[in-house]
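Enquirer: coords below, sequence missing:
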Ligand code: 9MR
């Protein structure tokens with residue numbers, strides 16, 4: 001089937017579902033207070049950063065090609081405070097039951113770089129197309145170890161678009177064996193769960209690691225939709241979180257839905273995962289956003305832009321509804337990204353950030369790799385157009401419960417209900433381009449303006465009982 005035909009068929013399906021969905025959302029969207037990922041001071045966190053990085057997928061040591069100097073550059077250029085850091089099962093458990101402590105220590109060295117710059121880290125157990133050993137030596141998939149890869153001799157073809165390998169019988173079988181749909185590999189999920197326990201053992205006492213993204217872009221093999229998501233996927237998440245909780249009571253578990261369809265704005269059938277930790281549950285919903293029209297090369301202009309906007313609208317409605325169903329859990333957009341030479345690319349980036357402000361979602365742009373999708377050229381140093389689009393004002397932390405949030409390049413407006421127990425102040429990042437002379441604040445007083453890190457700290461409100469409405473604009477020169 002040619003691309004245009006794939007495009008029109010899936011677009012039609014998306015429109016049908018999105019159309020049905022919007023009426024449904026209007027009726028069923030619960031109005032509930034949103035929870036938020038909090039730091040150790042009890043502040044609600046605003047998370048802006050990157051997925052770092054795709055280069056970890058194929059490296060021998062499982063680590064991204066990313067240095068402490070790269071982090072310093074990123075922080076100076078874009079003021080990020082968050083990273084979705086790629087790890088892989090193949091590196092954690094290179095042989096069955098053997099956990100590579102040296103690898104985990106190397107990951108922690110990177111985590112410490114982020115800690116020094118005041119970042120929060122989410123560890124992402126990454127996979128695409130199961131693992132490298134689906135076709136040895138070809139560098140097609142990544143993630144799972146060779147010893148956990150059973151394609152049972154079924155064929156895997158050759159494709160231009162990497163996602164199409166998901167439709168090959170050998171890849172489907174590797175997943176069917178992992179989820180034990182075949183009934184022949186009950187041991188594989190147990191290994192995965194124990195690999196998470198090994199990771200959590202390493203990072204339980206590291207306050208910089210706030211979350212574990214339990215599986216990148218899950219794929220169900222012959223099980224799709226709710227049969228997969230509410231079945232083995234929810235089961236794996238529940239077992240993984242239970243194992244993590246035996247060693248780590250505090251970190252958040254980030255749940256991804258199945259990627260296929262949900263990345264395009266379709267609904268998720270993921271089931272509820274319960275958290276055995278004392279106190280509030282720490283579970284978050286972390287879908288990805290890849291509008292199909294964009295993936296097929298249409299960019300964000302003309303008819304493709306309309307399709308992308310329709311996808312975003314349906315994605316927002318479905319994401320809110322799933323997060324509510326999972327227990328009013330916080331939302332992190334774990335990935336969105338594109339080749340920023342496509343028409344309208346930066347408008348799309350702006351649109352997505354504005355929409356994520358509206359649902360108070362953290363964002364990890366895909367990805368912190370050099371080249372056309374990333375912030376820097378292949379030399380790793382020369383800033384690309386994306387840098388200006390990511391360098392935007394945002395709330396880093398709020399000493400209370402965020403109610404509303406919106407931003408423009410030279411303005412940040414928000415309201416929150418203060419929490420007297422929060423042990424640190426509200427903090428904002430304000431980029432130089434929109435705020436060359438700092439900020440003027442209405443509704444709060446400025447406690448501190450860090451001109452080099454561009455972090456504005458606000459005083460605690462005089463009347464902590466009242467909702468605070470705060471408007472931050474560029475100061476006059
Ligand atoms: O951008 C990545 C591309 O270069 C790789 O060939 C592909 C397969 O590993 O993965 C792409 O990154 C994807 C990420 O791993 C998962 N979410 C979608 C990303 C973009 O397609």
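Expert: Done, it's in. This one's a predicted model, so the numbers in the text were calculated from it and none came from an experiment.
Enquirer: The residue in the stretch 101-250 of the chain that the ligand sits nearest to - how many residues pack around it?
Expert: Nearest residue of the stretch 101-250 of the chain to the ligand: residue 128, at 3.8 Å (C-beta to the nearest ligand atom). C-beta here means a position set from N, CA and C on the backbone, and glycine is covered the same way. Applying other C-beta atoms under 10 Å, we find 19 residues neighbouring residue 128.
Enquirer: so it makes contact with residue 139?
Expert: No. Judged on C-beta atoms under 8 Å, residue 128 makes no contact with residue 139 at a distance of 11.0 Å.
Enquirer: which parts of this protein sit against the ligand?
Expert: 54, 57, 128, 142, 162, 216-217, 288, 335, 366 (C-beta under 6 Å from any ligand atom).
Enquirer: Columns pLDDT, distance to residue 466 and secondary structure on top of the residues you listed, output as JSON lines?
Expert: What follows is these, written out as JSON lines (pLDDT from 0 to 100; distance: C-beta to C-beta, whole Å; DSSP: H, G, I helix; E, B strand; the rest coil):
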{"residue": "54", "pLDDT": "98", "distance to residue 466": "46", "secondary structure": "helix"}
{"residue": "57", "pLDDT": "98", "distance to residue 466": "49", "secondary structure": "coil"}
{"residue": "128", "pLDDT": "98", "distance to residue 466": "49", "secondary structure": "strand"}
{"residue": "142", "pLDDT": "98", "distance to residue 466": "51", "secondary structure": "strand"}
{"residue": "162", "pLDDT": "97", "distance to residue 466": "52", "secondary structure": "helix"}
{"residue": "216", "pLDDT": "99", "distance to residue 466": "42", "secondary structure": "coil"}
{"residue": "217", "pLDDT": "99", "distance to residue 466": "43", "secondary structure": "coil"}
{"residue": "288", "pLDDT": "98", "distance to residue 466": "38", "secondary structure": "strand"}
{"residue": "335", "pLDDT": "98", "distance to residue 466": "38", "secondary structure": "strand"}
{"residue": "366", "pLDDT": "98", "distance to residue 466": "40", "secondary structure": "coil"}
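Enquirer: so what's the nearest residue in space to residue 136 that is not next to it in sequence scoring on pLDDT?
Expert: Leaving out its chain neighbours, the residue that sits closest to residue 136 by C-beta to C-beta, 6 or more residues apart in numbering is residue 146, at 7.7 Å. Note for residue 146: predicted pLDDT of 98.
Enquirer: between the residues of the chain next to the ligand, which is nearest residue 95?
Expert: Lowest distance from residue 95 to those (C-beta to C-beta) belongs to residue 142, with 18.1 Å.
Enquirer: so the closest one bridges to which residues?
Expert: residue 128 (DSSP bridges).
Enquirer: Sketch out the low-pLDDT regions of this protein for me.
Expert: 1-34 (pLDDT under 70).
Enquirer: Give me the residue at the spatial middle of the chain.
Expert: residue 334 (1.1 Å; C-alpha atoms, centre = their mean).
Enquirer: count of neighbours near the spatially closest residue to that residue that is not a sequence neighbour?
Expert: Leaving aside its sequence neighbours, residue 334 sits nearest to residue 286 (C-beta to C-beta, 6+ apart; 4.2 Å). By other C-beta under 10 Å, 30 other residues sit near residue 286.
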